[in-house]
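Undergrad: any chance you can model this:
(one chain, ligands or ions: 1)
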Amino acid sequence: MSQEIKPKKVSESRTIMTEMVMPNDTNPMGNLMGGNLLRWMDIASGICAGKHCEAHVVTASVDNVSFQKPIKLGDVITLEATVTRAFRTSVEIHVEVFANDIKGGNPRRCNHAYYTFVGMDEEGRPQPVPQVVPLTEIEQQRYDSASKRREMRLILSGRIKPEEATEFRALFLARKEGL
Ligand SMILES: CC(C)(COP(=O)(O)OP(=O)(O)OC[C@H]1O[C@@H](n2cnc3c(N)ncnc32)[C@H](O)[C@@H]1OP(=O)(O)O)[C@@H](O)C(=O)NCCC(=O)NCCS
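TA: I've put the predicted structure just below:
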């Protein structure tokens, strides 16, 4: 008999991670290397996903990430990861990156990304995950838009055909009909 999984609030798995950019993390210009930032984003969002799913998780995909503002040697970066929505065995995590100097000066939002993780059972198979209860306006917005982002990444990875993307079809038809 399958046991019902209790839905969870976003706040239950919110994850904040802080790092300082050290010489080994930088390129010859003294900027944080993109690959190192992606690694920290993966770790912060993976911890968030694991807390939400109460299980081991694997990264299934990362949506496009752009590096808008350079992060310098000695800067302190803060990563904030929150779950946006759960599907059957996967969860979407939003991660934001903020930076400032060690004295708290020059605070800025550097970039953000959406990661998808899959909850795994003890045998390493995908397992059902708890649904998300959005409570604030921003949580609701991210929850509502998650299914479109999911359809887009499933099309791009070849897992579904564009004609199977019901959310996108509805969006384009509404635009075409001027709704
Ligand atoms: C991700 C993985 C578990 C999916 O396995 P699978 O056999 O395809 O399993 P399923 O078809 O049941 O898919 C499981 C979930 O993953 C999701 N998924 C699979 N590929 C995806 C992708 N590219 N983007 C988004 N979600 C994806 C599916 O939509 C499904 O979610 P749902 O149940 O919520 O609808 C498997 O491909 C894997 O283990 N990949 C390697 C993970 C890894 O090592 N990550 C680190 C990389 S460095």
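
Undergrad: to what extent is the residue nearest to Asn100 when sequence neighbours are not counted buried, counted in neighbours?
TA: The shortest distance from Asn100 to any non-neighbouring residue, by CB to CB, 6 or more residues apart in numbering, is to Pro107 (4.3 Å). Every residue, glycine included, has its C-beta placed from N, CA and C. Pro107: 11 surrounding residues under other CB atoms under 10 Å.

Undergrad: again, but for Pro23
TA: There are 8 residues near Pro23, going by other CB under 10 Å.

Undergrad: likewise for Gly105?
TA: 7.

Undergrad: and it, backbone torsions?
TA: phi -80, psi 170 (degrees, to the nearest 10).

Undergrad: how close does it get to the ligand?
TA: Gly105 sits 35 Å away from the ligand, going by CB to the nearest ligand atom, to the nearest Å.

Undergrad: on the pLDDT front, check that residue for me.
TA: At Gly105, the pLDDT value in this model is 97.

Undergrad: and if you look at the one 3 residues further on?
TA: In this model, Arg108 is scored at 96, pLDDT.

Undergrad: am I right that the residue nearest to Asn100 is in contact with Thr78?
TA: No: applying CB atoms under 8 Å as the test, Pro107 and Thr78 come out as separate, 9.5 Å apart.

Undergrad: so what sits against both of those two?
TA: Taking CB atoms under 8 Å, 6 or more residues apart in numbering as the contact rule, Pro107 and Thr78 both touch Phe98, Ala99.

Undergrad: roughly how far apart are the residue nearest to Asn100 and the ligand?
TA: Pro107 is 31 Å from the ligand, by CB to the nearest ligand atom.

Undergrad: repeat that for Arg150.
TA: Taking CB to the nearest ligand atom as the measure, Arg150 falls 7 Å from the ligand.

Undergrad: give me phi/psi at that residue?
TA: Dihedral angles (degrees, to the nearest 10) for Arg150: phi -60, psi -40.

Undergrad: burial count for it?
TA: By other CB under 10 Å, the burial measure for Arg150, its neighbour count, is 21.
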